[in-house]
Structures are given as structure tokens and as C-alpha cells.
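>>> Generate coordinates for the sequence data below:
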Amino acid sequence: MTAIRAVAAMLFAGLASASQVHAADGNASRGERVFGACSACHSLEPDRNMTGPTLANLWGRKAGSLASFSRYSTALKASGVIWNDDTLLAWIADPQRLVPGNQMPFEGIKDAQQRADLLAFLKQATKLGAPPPARAQGGMMGGGQAPNLKNLKPAKLVRTLTYCKDSYTITTADGQIHKFWERNLRLKTDSSDDGPAKNAPALIGAGMMGDRADVIFADPAEISVAISPKC
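Numbering: from 1, shown residues only. Now for the predicted structure:
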């Protein structure tokens, strides 16, 4: 066990040394563009979690410790990592190398300059009280800002949802009828401030061919009640 810890310490020291070489060379403006690849999963707003936890107030935080985020992997929570210049650059380069067994679906940025640029941007954008740059706002709809689903246009408001054989039929508030193969319709929930009103599910298009969509509910309990068997 002592030998394993020694090897791990040497590995981390090597990663930290490499980070120190490049951290001062970052350009925040370029880093904001690099962050576009991160914004589909990470917000810069405090306690606005998405696929991953918010990055707001990240420096000095223990990995896996944000109270408002409940989906951390066991490996990350047990890692003991504190986020700083060195650990973040090592994480950006290769998350699995820094914390083996974590569930981050990201292979890392191999270009050292891009890593340094991203770090420079994050150091500015994650500070307490820093306004997130508009184009760096994350969103779950293809990487853009997630739409607010509280006040939907009739074309996006689901009135009825029926199921027959292998198909769903949705009638929206404007009277239009939409049919989907069961594998092309995803049922989701969004309990955030941007989610739909209670018992007012939203129909959001998905896929490039227009043959897929998401129906987003305010609460999981609404799903089974909303679907009526009807042929």
C-alpha cells in the first residue's frame, strides 16, 4: 500500500509540474471559446447544476462536495482532491488519470495551450459574484441556453398524450397532432425554475430530422397519469 501511494504521489506531482508550466500562459478570451464544449454540461451560475455540477466558486472547493449536486461518483467523493490551478489542469487533461473510476464522460483536452486558456477563463468566470459571459451560458438543449418552459407557446404545450402499439400521439394546445415512434420520444423531468408548470408538460423538438422529441414534465408523478392508452 505504501508503494502504491508513493507511485500515486509521484504521478500527481508530475501532473502538477506540467500544470505549473502552462497555467501562466493562458488567454481568457480564447478560453471562453474552449468553454463552449463544457457549457452543455456545466453552468457558471451558483447552484445551477446540469449534467454536471456548477463551476461557480470552484477554486478551493473539495471535489465531490457541492451540497446542491447529488450525482457525484464514489471515486470523486473519495479522492480528496481540492480544486486549484494544478488539479484542474490535470483534470482537464485527463480526468481518469487524476481520479480513476470517476464518471466524467470526457476524455480530456490534449492541447496544452487550450488547457491553459480554459483555466484562465475559468479563474475569471467562476469567482464569487462574477457575471457569467452570455455566450458561455450552458444549456441542455444542444449546448445553448436552456429555454424557460414556464410560459409556453401553444405549439409547445402538451394537451394530450396517448400510446398505441409502438407509437405516441401528442396533441398540442394549438390543435396540432404529432406522432412519434416510441423510441424517438423521450420523457423527461425538469424541477428547476426553468422547468414547465405543474401539469403543463412541454414538447421540445430533438434530432436533426424532426422525427424525435422530448416531453418534459415538472414532476415524475405526472408521467404515468398523462399517458392514456388509446388506439
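>>> does residue 165 really touch residue 231, like I thought?
Yes: Residue 165 is within contact range of residue 231, at 6.9 Å (criterion: CB atoms under 8 Å). The C-beta positions use only the backbone N, C-alpha and C, and glycine is treated the same way.
>>> phi, psi of the residue nearest in space to the middle of the chain?
Nearest to the mean C-alpha position of the chain, by CA atoms, centre = their mean, lies residue 41 at 2.0 Å. Per-residue torsions, residue 41: phi -120, psi -20 (degrees, to the nearest 10).
>>> so what's it closest to, chain neighbours aside?
Closest residue to residue 41 apart from its sequence neighbours, by CB to CB, 6 or more residues apart in numbering: residue 51 at 4.0 Å.
>>> thought the one you found was touching residue 40?
Yes: taking CB under 8 Å as the definition, residue 51 is a contact partner of residue 40 at 7.4 Å.
>>> can you give me the helices for the protein?
Counting by DSSP state H, the chain has helices at residues 2-23, 28-34, 74-77, 85-93, 95-98, 112-125, 221-226.
>>> For the closest residue to residue 123 other than its chain neighbours, list the residues it contacts.
Excluding the flanking residues, the one nearest residue 123 by CB to CB, 6+ apart is residue 59, at 7.1 Å. Residue 59 sits next to 83-84, 123, 126-127 when contact means CB atoms under 8 Å, 6 or more residues apart in numbering.
>>> distance of residue 59 from residue 151?
Distance of residue 59 to residue 151, computed by CB to CB, to the nearest Å: 37 Å.
>>> still on that earlier bit, in terms of neighbours, single out the busier of residue 51 and residue 40.
Neighbour tally, residue 51 and residue 40, criterion other CB atoms under 10 Å: the higher count belongs to residue 40, 16 against 12.
>>> Tell me if I'm right that that one and residue 52 touch.
No: applying CB under 8 Å, one finds residue 40 not in contact with residue 52, separated by 9.5 Å.
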